[in-house]
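1. Have a look; sequence and predicted model below, questions after that.
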Amino acid sequence: MVRQGGKSTASRAIQRRQRARWPQVQARGLRYALGQLDALHHREFEHAVRELLRRDGCRDTVQVGGGGDLGADVKATDPFGRRWVIQCKHRRDGHRGPAVGTPDLQALNATARPVHHADVVVLVTNGRVTKPRQDFAKTQQLHLVDRHLLGRWATGSQPLWELLRAVPPPHRPPALS
């Protein structure tokens with residue numbers, strides 16, 4: 001063991017690894033209250049959804065929303081190899097704001113699989129989704145994260161894929177960390 005300035009080479013290597021992992025440790029502790037999510041600008045809301053997916057262990061997670069996004073605001077690959085495409089609908093007034101509209105679901109449904117190659121298609125809102133739109137989403141295998149489910153996910157108790165029903169099976173086992 002080589003000693004330099006009172007610390008061994010091995011202990012410095014361990015400290016470097018710990019410092020490199022610190023952003024991951026911080027991300028795993030990420031939590032939002034619904035009031036915090038309500039107060040965000042719609043673009044910040046997309047960033048928050050991206051960060052929640054990162055917290056859950058998704059890789060290559062990117063926020064791509066904006067003009068010409070073809071229905072995808074956030075894209076990611078989960079630890080099981082499934083490709084996620086998420087459309088975010090932020091409501092300034094939360095549950096009191098307008099419900100998610102049929103055009104939003106239709107646009108997402110039309111592009112998520114053929115254009116973005118999604119395995120899991122999700123619409124996330126801090127607002128609400130009406131029963132007819134819930135029924136449409138179910139027939140099209142679209143997952144809806146409404147205000148109630150968003151609140152559960154944002155608290156960090158479980159990754160999103162454990163909160164949704166009928167998520168496609170994993171492509172592969174998760175990578176060991």
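-> Arrived safely, thanks for sending. Numbering: from 1, shown residues only.
2. How much space separates the most centrally placed residue in the chain from Val115?
-> Nearest to the geometric centre of the chain sits Leu53, at 3.4 Å (C-alpha atoms, centre = their mean). Leu53 sits 19 Å away from Val115 when distances are taken as C-beta to C-beta, to the nearest Å. Where C-beta positions appear, they are placed from N, C-alpha and C, glycine not excepted.
3. if we can go back for a sec, was I right about the residue nearest to the centre of the chain contacting Val62?
-> No: here Leu53 lies out of contact with Val62, judged by C-beta atoms under 8 Å, at a distance of 9.8 Å.
4. Can you check which residues contact both of these two?
-> Common contact partners of Leu53 and Val62 (C-beta atoms under 8 Å, 6 or more residues apart in numbering): 74, 76.
5. what sits against Arg133?
-> Counted by C-beta under 8 Å, 6+ apart, Arg133 has contacts 99-102, 105, 144.
6. which residues touch Gly29?
-> Counting by C-beta under 8 Å, 6+ apart, Gly29 makes contact with 55, 156.
7. For the spatially closest residue to Asn109 that is not a sequence neighbour, the count of nearby residues, please.
-> Sequence neighbours aside, Gln140 is the residue nearest to Asn109 in space, at 4.9 Å (criterion: C-beta to C-beta, 6 or more residues apart in numbering). When neighbours are counted by other C-beta atoms under 10 Å, Gln140 registers 15.
8. just checking, which of the contacts of Arg133 belong to strands?
-> In this view, the contacts of Arg133 that belong to strands under DSSP state E are Leu144.
9. and the contacts of Arg133, which are buried?
-> 99-100, 105, 144 (16 or more other C-beta atoms under 10 Å).
10. Tell me the spacing between the residue nearest to Asn109 and Leu123.
-> Distance, Gln140 to Leu123, using C-beta to C-beta: 11 Å.
11. Also Gln134?
-> Taking C-beta to C-beta, one finds Gln134 at 11 Å from Leu123.
12. neighbour-wise, which of the two wins?
-> Leu123 (26 against 15).
13. Secondary structure element holding the more buried one?
-> Taking DSSP states H and E as the definition, Leu123 sits inside strand 120-125.
14. can you check Leu150 too?
-> helix 147-154.
15. which stretches of the protein aren't confidently modelled?
-> In the predicted model, the chain carries pLDDT under 70 at residues 1-8, 10-11, 13-28, 173-177.
16. intersection of neighbour lists for Gln134 and Leu123?
-> Leu144.
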